[in-house]
Structure formats: C-alpha cells, structure tokens
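In: return atomic coordinates for the entry below.
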Amino acid sequence: MPKLRIKIELNPGGEGVRLDKLSKLSGEIEKFLRSIANDSGADVKPGDLIAKNFYNSSVGAEIEYEENINTSTVIAFNNNVRYFANLNKENAEEARKFSQETLNNFIEIGKNLDPDERYRLGIININADKNKREDEEWVIFERSLSLLLDEVLKEEYEWYGTVQGTLGTWYCQSNYFNLKAFTGDTIKCKYEEPKYEEIYKAFKEKDAIVHVNGDIRTYKATGRIKEMTVSCIDEYIGLSDDEFNQIISGVIPFSNSSETASLIDIKRQG
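Out: Numbering: from 1, shown residues only. Below you'll find the predicted structure:
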C-alpha cells in the first residue's frame, strides 16, 4: 500500500530562511498538512508527519506519513492540496467541504508570510520513483491565497428560516440568548425587547424544544449560521414514548406533515 508523501520548500529560490520564520511556518504548515490529510480520509495525529531528506539552501524536505494508507486517500490528499494552490474567487465556495480546522490553518499560514514571501509543496505521483523529479508536481502558495480564503469565509448572506433546538445560555439584561441547535451548533439569537415575554414563555421548561423563526445570517463559504434575529418562537411538545412507538409501528396513521416529521425527529434525537 502507498504512503502519504509530499515535499516542502520554504523561501524557494532564496538563500536561507529566518529562524523565527522557519519555526513558525513549519509549525503552521504541519498543522495544515495534518488536517487536510484527515479531511482526505487519513488519521494523522500530531507527531505522525516526519521530515526527512533535507536539501538546498532555502530549506527543503520530504514530509512522510509512515503508515500505509489506501490509494484513494493519497489521491484525495494530492487533489486537496491542488485545490488550495489553485484557490480563486470562482471556486472558493467549494472550501465548505473541508473542516474548519483545515481552513483556519491555511489562513494562519498566510498571516505569517510577508507580502513577497511564498512556499511551495511538491505533490508526489502515487507511483513515483523517489529518484525521478519528473514525478513531482510543484504548486506555489502565496500570502494572497490565504487572504482570499479569509475574505470569502467572512462573506455572509441573509435568509428567513427556522432553527430547532434547546436553550443554551441566556444572560440577564442581554438582548440575545444562545440556542443549542440540533445541528450541533450554538447560535446567537438576538431579539427586540417586546419579544422577551414570548421567549420566556417558550423556555419556561428548561428542557423545552423550540423552533426559532427569523432572519438568519450565514457564512457563505461554509454554510454555518453566524446569528439570527428572532421574529417568533414556538415551543413543541414532543410525543410520548407510547405515541412515538404507535406511529412507528403504524397503529396511529402517520401524516407527512412537516410538523409530525419534526416531532418524530425530535423524539428520535431525545
């Protein structure tokens, strides 16, 4: 089985690398390669990537994950590295397929590069002979790529919708509460003063399940909700164990209404 390998060069074409840059950049690039490898299907932990075969005056090395992994994982890793090297405004929204950790790591690398600095990664053909340089495909990374991704990730759009969940935190005299959504996210929900009594009533029971309706601000690239402004809030009383089991078994006719589906979904998650 193949191994995951890639080459790295800091300050390609230059003479040496500042020691503080060497330490900071190598650490950030290690985190980026590790997280993108995990996004590709590997299970790479801190300390698993080994640098070997150092060469040239600008610091170059081969990075290897010494465990054998699936061919498909290596191919996915190489393609994902290519994606970040070819990042542009047209394909930036595809970044949502990567973990937040990978995106943050890529952006952090750029913050540690000066405007005229760059680094490059050598993608190694999966069937490559280690001694044949023609089996290497070099891709260059500049600060502008990380800045572009950071800009795109901060772009937002607004839409009207509903989020389902339970109360997270609600601070006295604040104009918002945090909703623990069933998606796993914690969402900041802002409201106007007249909505206070309505919200208080919905959360009267500490474990109440609610549907919060309102204007939702979402990050364009990742699809994650930033916050929402509450227009109304509805409490839903879940099905009893007996009612739930009767619907599942067909004793009680099941309607395809979104409300019934939501209640069943709530019960399953409970």
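
In: could you give the mean pLDDT of the lengthiest helix in the chain?
Out: In the chain, taking DSSP state H as the definition, the longest helix is helix 19-39. On average, the pLDDT along helix 19-39 is 93.

In: contacts for that helix?
Out: 4, 6, 8, 10-11, 17, 44-46, 48-49, 51, 59, 63, 65, 77, 80-81, 84, 97-99, 101-102, 105-106, 108-109, 112-113, 117, 119 (C-beta atoms under 8 Å, 6 or more residues apart in numbering). Any C-beta I mention is one placed from the backbone N, CA and C, and that applies to glycine too.

In: can you name the next helix or strand after it?
Out: Next helix or strand after helix 19-39 toward the C-terminus (DSSP states H and E): strand 49-55.

In: which helices and strands does the helix or strand just after that following strand pack with?
Out: Moving toward the C-terminus from strand 49-55, the next helix or strand (DSSP H and E) is strand 60-68. If you count contacts as 3 or more C-beta pairs under 8 Å, 6 or more residues apart in numbering; DSSP states H and E, strand 60-68 packs onto strand 3-10, strand 49-55.

In: which one of those strands is the most hemmed in?
Out: Neighbour counts (mean count of other C-beta atoms under 10 Å) averaged over each of those peak at strand 3-10, with a mean of 20.

In: quick one: that one to chain centroid distance?
Out: A distance of 23 Å separates the centroid of the chain from that of strand 3-10, by C-alpha atoms, centre = their mean, to the nearest Å.

In: including mean pLDDT and distance to residue 219, could the helices and strands packed on strand 60-68 go into JSON lines?
Out: JSON lines is the format used below for those (pLDDT from 0 to 100; distance: least, C-beta to C-beta, whole Å):
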{"stretch": "strand 3-10", "mean pLDDT": "92", "distance to residue 219": "29"}
{"stretch": "strand 49-55", "mean pLDDT": "90", "distance to residue 219": "30"}
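
In: turn these into TSV, including distance to residue 166.
Out: Output for the helices and strands packed on strand 60-68, formatted as TSV (distance: least, C-beta to C-beta, whole Å):
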stretch	distance to residue 166
strand 3-10	41
strand 49-55	40
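
In: so for residue 160, which of these sits nearest?
Out: strand 3-10 (44.5 Å; C-beta to C-beta).

In: please enumerate the helices of the stretch 151-270 of the chain.
Out: 196-202, 241-249, 258-269 (DSSP state H, counting those that start in this stretch).

In: who are the packing partners of the shortest one?
Out: By that I understand helix 196-202. strand 225-236.

In: in the strand it packs on, what counts as buried?
Out: Within strand 225-236, the residues that count as buried by 16 or more other C-beta atoms under 10 Å are 225, 227, 228, 229, 230, 233.

In: appreciated, that's everything.
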